[in-house]
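**Q** quick one, what's the 3D model for this:
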Amino acid sequence: MSRLCRKIRSDRYLQPGTVAARMGLFLDSNALPPVLFERLGIRQKCDAGKKQSDGNHPGGPAQAAAETALSERKKNIILAILKKAGECGKTEVKEFLDMHPGLRALRYRNYESSLWTDGSWKKELGRLIAQGKRLPSGFERADLIADEIDSARTQFGSLCFDLGINEPSGAEMQVALMQPGELAESQAAFFRKAAAEDGALQKELDDFKSWAKSLQPDALRHAWRRMELNIVTAASVVHKMRFRSAPFTSDEESFARNMMGKAGIDKLELAKLSHSFSHNHAECRELMERIVGLVKCPAEPLLDAARKSSDFDTLLDFLSIPREKNLARISKTPGFTKPHSVQDEQHPDNDDALTSISLVCQRMDGKTYYADLDVVFDGVSGHGGASVASRIAKDAFEISALAGWISWAEEARFATVLADLAINLEKARLKALAGKASGEDRLSLLRLQGMGTTMAASYAEGDEPYSRKDFYGIHCGDSDYKLVRRGDVIFKSEPHGVGNTIWSGLGIGAIFIKINNEDSCYSPIKLMDGDAVLTFTDGIGDVLCDHEEGSLVSAHPGDAAGLAAAIVNAADFRMDVFKTYKPGCSCDAIGGKDDDKTLISRFIKLDMPKKKP
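**A** Sure thing, here's the model as predicted:
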């Protein structure tokens, strides 16, 4: 019991003072034993119709709340829900308490969605940039956004408990959707889009509900994309053209027709498009330029899409329409990275980036799956653009996961396509700025047109929290992954490049994006207890052989952090580009390479860790 308590208390899915059922654990809080709540320090939610002891305060709930001394964060949430500025006093607390339950909940959910684009994380990011802790590109923001959204959920749940507020009923939530002016702009657009004809809000709501209920679970997850031709819709079109036989939605088909400049597209033309994306750099780049020109591009296209996705989920929840629920958490210490030794004007930064994401997906069949997604990126082009490209790609993966867009390996490949498009959109923006600039500023912007990044991802999933049974590797370019078992490399990626020549890269012609080295018809690699999964950039892969990596894995059983440091340091020892190094095996001598080195290592466990004696 104590180990379980420590695990849940330390988990960002549940914080003290938060009701378990509201924080995405998919547990019925009423079914949990009271002793567990007591050990966790979590106060259980009141039964319907009852108030906690503060509700009997002589001065009423508002006076009780004032004496409780609500935190500034809770007061700010109250003001946001009331749509007020200034101070939060007794009057505001009473107004908050007197609100219609459904309306109060709807305003909170829309406030939470707004944090994607309008949160205080922007100020925090600016402060970190000023301190030199983040790149000015700003593409390391996803963890700040996740922290702010998690904090808002925790504070709102605790606030409702403090004030004795119960969750609204299904009828109360539906009534809230009928209030004029209470819907977010995108929510009103969803209703209009689904409505058979223009009419009253009730008619639009009923039409939307009927339409949403008619969709299959996978179609329902992606239905929000139909509302406009945004970056995610465009990425979906490219992904389906290249890798999936799934039919286009009407909006995706319209996008594809506009891209080709034709009234209709048959199967033969789709096959030609797929071939152009996957076999010809020039044609791939030309197609991406057309797509970039068609995408509706707000200032922050990924964050804008994530907010609309969240708004859509709110509608489904308030209409009691079942949906898949995906949760993600970004690791703060994902792996080990070391920059190259020579820091000069052309290469001032570590051009590599990395992220490690834990995923929980509750499927419509009632099953819950757990996955770990480790991704590394190696920026190319120099001139400062390499580090920008790798961090754009990292940002795309993290936002995709946090927004709930990744629930299996193919959707990790979709995130790769999305990252490719995000880099190309940024290059188009910089090119437009170059057209208005002159002199050295113009040249600096034009140099960034060559930026791109390679990537490699390891995706391991299972149906138990501690178990990972199936492995999928996704890669583009010369960043790689390896699966090591008992000291031997049993499976690895096939690099898309030789030496300094890269055949495929995000932003520079992503003609190869393979899963387990296949375009399609791939199968998972079955994992065994003790297997090691290595995901790394070419600064490691080019200077160490399989045998050396296998030996280092054997020397660090179960120690992922120690293994990562040992491999990176071994590669760093071979940074002299004028030397060759003979491995301690039958492999040929390996040339030295002074490059950024990044690696994420993970040991596989098939069973729950045993309690130490």
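**Q** only C-alpha atoms for contact and neighbour calcs from this point on.
**A** Will do.
**Q** and the helices in the stretch 251-400 of the chain, which stretches?
**A** Taking DSSP state H, counting those that start in this stretch, the helices of the stretch 251-400 of the chain run over residues 267-279, 281-294, 301-318, 385-402.
**Q** how about JSON lines for these, with distance to Ile145 and mean pLDDT added?
**A** Below are those laid out as JSON lines (distance: least, CA to CA, whole Å; pLDDT from 0 to 100):
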{"stretch": "helix 267-279", "distance to Ile145": "33", "mean pLDDT": "71"}
{"stretch": "helix 281-294", "distance to Ile145": "26", "mean pLDDT": "79"}
{"stretch": "helix 301-318", "distance to Ile145": "10", "mean pLDDT": "95"}
{"stretch": "helix 385-402", "distance to Ile145": "9", "mean pLDDT": "93"}
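**Q** Glu549 is nearest to which of the ones you listed?
**A** With CA to CA, the closest approach to Glu549 among those belongs to helix 385-402: 25.0 Å.
**Q** against which helices or strands is the next helix or strand after the closest one packed?
**A** Downstream of helix 385-402, the first helix or strand assigned by DSSP states H and E is helix 409-436. If contacts are counted by 3 or more CA pairs under 8 Å, 6 or more residues apart in numbering; DSSP states H and E, helix 409-436 sits against helix 231-242, helix 281-294, helix 385-402, helix 439-447, strand 470-476.
**Q** residues in contact with the first one: which ones?
**A** Think helix 231-242. Residues from elsewhere that reach helix 231-242, judged by CA atoms under 8 Å, 6 or more residues apart in numbering: 225-226, 246-248, 252-253, 255-256, 270-271, 273-275, 277-278, 291, 295-297, 301-302, 305, 414, 417-418, 421-422.
**Q** mark which of those are buried, thanks.
**A** Among these, those classed as buried by neighbour count (16 or more other CA atoms under 10 Å) are 225-226, 252, 255-256, 273-275, 277-278, 291, 295, 297, 301-302, 305, 414, 417-418, 421-422.
**Q** what mean pLDDT does the longest strand along the chain get?
**A** Ranked by residue count, the top strand of the chain under DSSP state E comes out as strand 368-380. The average pLDDT within strand 368-380 is 94.
**Q** what helices or strands is it leaning on?
**A** Counting contacts by 3+ CA pairs under 8 Å, 6+ apart, strand 368-380 is packed against strand 352-362, helix 385-402, strand 452-462, strand 532-536, strand 597-603.
**Q** how far off centre is stretch 445-452?
**A** 26 Å (CA atoms, centre = their mean, to the nearest Å).
**Q** span of it from start to end?
**A** From its first residue to its last, stretch 445-452 covers 14 Å (CA to CA, to the nearest Å).
**Q** circling back: and the helices and strands packed on strand 368-380: which comes nearest Lys514?
**A** In terms of CA to CA, the element of the helices and strands packed on strand 368-380 nearest to Lys514 is strand 452-462, at 9.7 Å.
**Q** and the angle for the closest one with strand 532-536?
**A** If you take axes from the mean of the first three to the mean of the last three CA atoms, to 10 degrees, strand 452-462 sits at 160 degrees to strand 532-536.
**Q** now the helices and strands packed on strand 368-380 in JSON lines, with distance to Asp576 and mean neighbour count?
**A** Formatted as JSON lines, those follow (distance: least, CA to CA, whole Å; neighbours: other CA atoms under 10 Å):
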{"stretch": "strand 352-362", "distance to Asp576": "19", "mean neighbour count": "23"}
{"stretch": "helix 385-402", "distance to Asp576": "22", "mean neighbour count": "27"}
{"stretch": "strand 452-462", "distance to Asp576": "23", "mean neighbour count": "28"}
{"stretch": "strand 532-536", "distance to Asp576": "20", "mean neighbour count": "29"}
{"stretch": "strand 597-603", "distance to Asp576": "14", "mean neighbour count": "26"}
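**Q** find the nearest non-adjacent residue to the spatially most central residue of the chain, please.
**A** In the chain, the residue lying closest to the centroid (CA atoms, centre = their mean) is Ala401, at 2.3 Å. Nearest residue to Ala401, sequence neighbours excluded (CA to CA, 6 or more residues apart in numbering): Ala328, at 5.8 Å.
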